[in-house]
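Trainee: got a predicted structure here, sequence first:
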Amino acid sequence: MKIALVAQHATPFLSDGASRLGDDIRLRELSQNLARKGHRVTVYTGKRRGAARDEARLHSGVRVEYIATDGKPDEADLLARVPAFSAPLRERWSRERPDVVHALRWTSGLAALAATRDLQVPVVQSFDSLGIAERRHGLIARTAGTERIRLEPAIGRSATAVLAGSSDEESDLAKLGVPRRSIKVVPCGVDTEEFAPEGPTANRGDRPRLVTVSGLDEHDHDSLATLLRALSRVPGAELIVAGGPDRADLGTDQTYVRLSTLARSLDVSGRVLFAGQVKHHALPPLLRSADLFLSMSEYDPSGMACVEAMACGTPVIASAVGGHVDAVVDGTTGILVPPGRPALLAQRIRQLLGHPMLLEAFSLAAADRARSRYSWDRIARETTAVYDRALDTAALAA
């Protein structure tokens, strides 16, 4: 099968430096695993300013083609550049027609639908996160994202098939008028060789260790405040907060400053470490060193941080929202709690830390859950099955 992956905003080439963007990892892993199954994959992405290449080979069976659309990576700019991105796609596909086009995120979907008009090529759409969900959870202002929120339903209804990252997203898509028959839940995958129970473990002391991952942006403040308040009710435990700017730059980060003030007021400063930006290769050892992984996000469309922790054999306590609800099997691989409930969270943490055998059982089940449900091999198989159905649907409509 000839597959075109359209990702206007992302690149499958990953640097060895700081922690890598989730969309870049997803694009790289999906394309490689599709190629390993014998498919010919071409990734179409925007050419960044100063980039010299127009084409590159990522992996055997995966070619990357850059389309020159200089600009900023924010959504408003991506939307403005959709015509300049879609015109070269149509030119290429008119000469060499792919069997299926898979668009990642909404601006890529607009470009793909415009480029395939009258070419009778099925378009599969992944949104990763929906504007209505982000607005509902306060991640975008009531007056922002208007074009995105208006266009995403039209894109979903126009695509041949839509991949939802979670059952929560599937429900939102159906409410937007996307036919349920065209929606299939296929989550993001995890590298179960890199994220695995076996491997190096970060140094730690005798304290029970809790770990969370956060970008330390302003929307993370409330969820991290919940963790700090819970920590104040779990004597002796330590909390590692991984993510955000480099550790040397934390002092200038307003979210860090506010949280540090809160930690002092709760008398837990000595038990909290803000690690700053963690290189991707250092994340699995840190997750393996934890007794529990915590995520109290009020909105998480994929739940991938929890899945990565589970893949390392670390049980999870997470907020019962978004992708967490699918990823964490409550009472088996971890525990789900309502967001914003520090007293209840602390109670659940004490419950697990006080029962080592239960913690070990959760650890084994968590690793098995991540391997069996979220391996990239399975995600690629499920994605290919959607492509096959999209081809059948397009053939019937022709």
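Mentor: Here it is on my side, so go on. Numbering: from 1, shown residues only.
Trainee: and T143, what pLDDT?
Mentor: According to the model's per-residue confidence, T143 sits at a pLDDT of 57.
Trainee: check contacts around L110.
Mentor: L110 sits next to L79, V82, S86, L151, I155 when contact means CB atoms under 8 Å, 6 or more residues apart in numbering. For every residue, glycine as well, the C-beta is placed using N, CA and C.
Trainee: max pairwise distance over the residues you listed: which two?
Mentor: S86 and L151 (13.8 Å; CB to CB).
Trainee: more neighbours, these two?
Mentor: The neighbour count for S86 versus L151, taken as other CB atoms under 10 Å, is higher for S86 (24 against 16).
Trainee: would you agree that one falls within a helix?
Mentor: Yes - assignment of S86 by DSSP: H, G, I helix; E, B strand; the rest coil places it within a helix.
Trainee: what helices or strands is the helix or strand of the chain with the lowest mean pLDDT leaning on?
Mentor: Of all helical and strand segments in the chain, the minimum by mean pLDDT, DSSP states H and E falls on strand 55-59, at a mean of 76. For strand 55-59, the helices and strands in contact under the criterion 3 or more CB pairs under 8 Å, 6 or more residues apart in numbering; DSSP states H and E are helix 22-36, strand 62-68.
Trainee: what's the distance between the longest one and the middle of its chain?
Mentor: The chain centroid and the centroid of helix 22-36 are separated by 13 Å, computed with CA atoms, centre = their mean, to the nearest Å.
Trainee: got it, and stretch 92-107?
Mentor: Centroid separation between stretch 92-107 and its chain, computed with CA atoms, centre = their mean, is 22 Å.
Trainee: list the buried ones in that stretch?
Mentor: Neighbour-count burial for stretch 92-107 flags R92, W93, P98, D99, V100, V101, H102, A103, L104, R105, W106, T107 (criterion: 16 or more other CB atoms under 10 Å).
Trainee: can you flag which of those residues belong to strands?
Mentor: Counting by DSSP state E, the part of the buried residues of stretch 92-107 found in strands is V100, V101, H102, A103, L104.
Trainee: any regions of the stretch 51-200 of the chain where pLDDT drops low?
Mentor: For the stretch 51-200 of the chain, the stretches flagged by pLDDT under 70 are 51-54, 69-74, 141-144.
Trainee: now do the helices in the stretch 251-398 of the chain.
Mentor: If DSSP state H, counting those that start in this stretch is used as the criterion, the helices of the stretch 251-398 of the chain fall at 254-265, 283-288, 304-311, 322-327, 342-353, 356-374, 376-397.
Trainee: what's the most buried one of those helices?
Mentor: Of all those, helix 304-311 has the most neighbours on average by mean count of other CB atoms under 10 Å, namely a mean of 28.
Trainee: angle of it against helix 22-36?
Mentor: Comparing the axes of helix 304-311 and helix 22-36 via axes from the mean of the first three to the mean of the last three CA atoms, to 10 degrees yields an angle of 60 degrees.
Trainee: just the residues contacting helix 304-311, thanks.
Mentor: Residues from elsewhere that reach helix 304-311, judged by CB under 8 Å, 6+ apart: 22, 187-188, 190, 192, 195-196, 211, 213, 283-284, 287, 290, 293, 295, 300, 316, 318, 323-324, 327-328, 333-334, 366-367, 369-371, 374.
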